[in-house]
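Q: when you get a sec, could you give me coordinates for this:
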Amino acid sequence: MPTGDVRSMSGFRRSFEALMLAAGLCALPPASEAAPLRVVSINLCTDQMAMLLAAPGQLLSVSHLARDPRSSAMAQQAEHWPLNHGGAEEVYLLRPDLVLAGSYTAGATVSMLERLGIPVAQFAPVTGLDDMRAHLARMGEVLGREEQATALLAEFEARLATLHDPAATPPRAALYFPNGYTLGGNTLGGEILEAAGFANVAAELGLTRGGVIPLELLALAAPDAVLTSQPYPGGSRSEDIMAHPVVAALRAQMPMAAVTDADWVCGTPHVLRAMEDTARLRRALEDTE
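A: Numbers count the residues shown, from 1 in each chain. Here you go, the predicted structure:
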């Protein structure tokens, strides 16, 4: 390309970026506004927190995953909002004054939106119930819905208290996912197991976070129950381990339960459903003893 054309293209690019930046800055809400009026969420978990807390008309769009019943605990509720696929262009055209994202969500999109002067509130993955409480409180703050967040958390604590039903010797359960992945005690899944009255086999094996349990160790641990995830359509080699003869033998010897993935994925009050379902499994085990 001739030197003049290169300079011309470079100048055009700088002018375009300056124009977009100026437009983005103009789209910012006045400093006096107490709460954002046009909120867009581009992350599955921020989708659900926003749907629970946003004022009518405040939330403009949620991510396309929000309507997937395999991963979203609020798939039906998400029918009320337009979807987005997390692209910078489509989000920008919605003229948001706040974008909600996960800390690992669409890095290029988040970077571009911030360059255009659009505020982005990022939320890290939840690793336990304390994280969940903190995230809901923060979502209430960024949406200007602190009272609603406080009420939601109070309702959560009241329902959580009703699950406290300690057993003298709690049955032992293993979470077992594709590739043999499991969750230890210092995880949301581990805390769900504990709240439901189970001892976590992964914690017994020294796993505090996520990790892998080889098939041999799973068999030797002899858990009272194995909780697995629902396979996705199409099949994956990572799920082949679930059809291994060792796992088949375990299935024949002990109760199995499929995790309702949507209720376990995000740190929202919907984890209570996961706890309640798992507590029912524990009571069924105890009734057979």
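Q: pLDDT weak spots in the stretch 51-200 of the chain?
A: Filtered on pLDDT under 70, the stretch 51-200 of the chain yields the residue ranges 165-168.
Q: so where do the strands sit in it?
A: Here the stretch 51-200 of the chain has its strands, by DSSP state E, counting those that start in this stretch, at 59-63, 83-84, 98-102, 120-123, 172-176, 181-183, 199-200.
Q: of all these, which one is nearest G211?
A: strand 181-183 (6.1 Å; Cβ to Cβ). In this view, the C-beta of every residue, glycine as well, is placed from N, C-alpha and C.
Q: A54 and V39, how far apart?
A: 6 Å (Cβ to Cβ, to the nearest Å).
Q: overlap of the contact sets of those two?
A: Counting by Cβ atoms under 8 Å, 6 or more residues apart in numbering, the contacts common to A54 and V39 are L143.
Q: ok, back up a step: make TSV from the strands of the stretch 51-200 of the chain and add mean neighbour count to it.
A: Formatted as TSV, the strands of the stretch 51-200 of the chain follow (neighbours: other Cβ atoms under 10 Å):
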stretch	mean neighbour count
strand 59-63	25
strand 83-84	18
strand 98-102	25
strand 120-123	18
strand 172-176	25
strand 181-183	23
strand 199-200	21
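Q: redo those strands as a markdown table? Include distance to A249.
A: Formatted as a markdown table, these follow (distance: least, Cβ to Cβ, whole Å):
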| stretch | distance to A249 |
| --- | --- |
| strand 59-63 | 40 |
| strand 83-84 | 43 |
| strand 98-102 | 39 |
| strand 120-123 | 41 |
| strand 172-176 | 13 |
| strand 181-183 | 18 |
| strand 199-200 | 22 |
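Q: closest to L218 out of those strands?
A: Using Cβ to Cβ, the nearest of these to L218 is strand 172-176, at 6.2 Å.
Q: outside of the closest one itself, which residues are in contact with it?
A: Contacts with strand 172-176, where a contact means Cβ under 8 Å, 6+ apart, come from 182-183, 189-190, 193, 198-202, 204, 213, 218, 221, 223-228, 242, 247, 259, 278.
Q: can I get that strand in PDB, CA atoms only?
A: Only the C-alpha atoms of strand 172-176 are listed here, as PDB (Å, rounded to 0.1, in the frame of the first residue of the first chain):
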ATOM      1  CA  ARG A 172     -20.700 -39.200  52.400                       C
ATOM      2  CA  ALA A 173     -21.200 -37.900  48.900                       C
ATOM      3  CA  ALA A 174     -18.900 -37.200  45.900                       C
ATOM      4  CA  LEU A 175     -19.400 -34.700  43.200                       C
ATOM      5  CA  TYR A 176     -18.200 -36.200  40.000                       C
END
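Q: please, where are all the helices along the protein?
A: 3-26, 44-53, 88-93, 107-115, 129-142, 146-162, 188-195, 201-204, 215-221, 245-253, 261-265, 271-287 (DSSP state H).
Q: buried residues in the fourth one?
A: In other words, helix 107-115. 109-110, 112-113 (16 or more other Cβ atoms under 10 Å).
Q: the last one too?
A: For helix 271-287, the neighbour count (16+ other Cβ under 10 Å) marks 271-275, 277-279, 281-282, 285 as buried.
Q: got the residues you listed as CSV, with pLDDT columns?
A: Conversion of the buried residues of helix 271-287 to CSV gives the following (pLDDT from 0 to 100):
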residue, pLDDT
V271, 96
L272, 95
R273, 94
A274, 94
M275, 94
D277, 91
T278, 92
A279, 90
L281, 88
R282, 88
L285, 82
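Q: comparing the helices of the chain, which comes out most buried?
A: Mean neighbours per residue, mean count of other Cβ atoms under 10 Å, is largest over these for helix 44-53, with a mean of 25.
Q: mind giving me the packing neighbours of it?
A: Helices and strands touching helix 44-53, by 3 or more Cβ pairs under 8 Å, 6 or more residues apart in numbering; DSSP states H and E, are strand 39-41, strand 59-63, strand 98-102, strand 120-123, helix 129-142, helix 146-162.
Q: any chance of those in TSV, plus distance to P171?
A: Below are the helices and strands packed on helix 44-53 laid out as TSV (distance: least, Cβ to Cβ, whole Å):
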stretch	distance to P171
strand 39-41	38
strand 59-63	37
strand 98-102	34
strand 120-123	34
helix 129-142	21
helix 146-162	20
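Q: figure out which of those is closest to M49.
A: Nearest to M49 among the helices and strands packed on helix 44-53 is helix 129-142; the distance by Cβ to Cβ comes to 4.4 Å.
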